[in-house]
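Visitor: Structural data only, the sequence is not supplied:
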């Protein structure tokens, strides 16, 4: 099996709806590998990583290399803040908003100043790190899972960036990346709508008029 075929199969598995869980570890899988798979199984993480990677790839990985290193540092900072200091923040909504913005930038192929890439890398990496907690883990298992998440997040960004960069040689390839960016933005918007939509049975109850007896 060629490397390209393995990569295509890997991408298809990532987009399979049956594989998308929340922050609950997969049973019978070691903590490190659970952490490694975590960013690919949480929609907000996967969409954000792909969008940022495509954005970097459009500009060229050599030009945004400082941003990639900043992303790595910010991700590690978020993981450390959560793992060692117990800083827990619910940033899933912010990640989906980031995916919408980043996917739109890819779709319109805006060429931004380099400091903007640095800022996007720092904010996105920090949020991904802070949102990588997994239920039921503690102690060494928790540390192993966080390490795996850091590796998965970073490799996911690199693969997405290289993939997008290689598809910049021809106009139709550039159009394909822009279409993928629009799909990412639309998927993130749909996911955000589902999260923010009121759940059945939680609608506010109107006060019932009270009957008055003479």
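Guide: Sure, I can see it. These numbers come from a predicted model, not from an experiment. Numbers count the residues shown, from 1 in each chain.
Visitor: Let me see the contact set for residue 92.
Guide: 44, 131, 195 (C-beta atoms under 8 Å, 6 or more residues apart in numbering). In this view, the C-beta of every residue, glycine as well, is placed from N, C-alpha and C.
Visitor: Need the phi and psi values for it.
Guide: phi -60, psi -40 (degrees, to the nearest 10).
Visitor: What number of residues are in the vicinity of residue 54?
Guide: Residue neighbour count, defined by other C-beta atoms under 10 Å, stands at 26 for residue 54.
Visitor: for residue 75, same thing?
Guide: Count around residue 75 with other C-beta under 10 Å applied: 27.
Visitor: Now do the contacts for it.
Guide: Applying C-beta under 8 Å, 6+ apart, the residues contacting residue 75 are 125, 126, 128, 129, 150, 153, 154.
Visitor: Next, format the residues you listed as a markdown table and append secondary structure, distance to residue 107 and pLDDT.
Guide: Compiled in a markdown table, the contacts of residue 75 are given as follows (DSSP: H, G, I helix; E, B strand; the rest coil; distance: C-beta to C-beta, whole Å; pLDDT from 0 to 100):
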| residue | secondary structure | distance to residue 107 | pLDDT |
| --- | --- | --- | --- |
| 125 | helix | 22 | 95 |
| 126 | helix | 24 | 94 |
| 128 | helix | 21 | 94 |
| 129 | helix | 26 | 91 |
| 150 | helix | 29 | 94 |
| 153 | helix | 23 | 95 |
| 154 | helix | 24 | 96 |
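Visitor: hmm, which two among those are most spread apart?
Guide: Farthest apart among these by C-beta to C-beta are 126 and 154. That separation is 13.6 Å.
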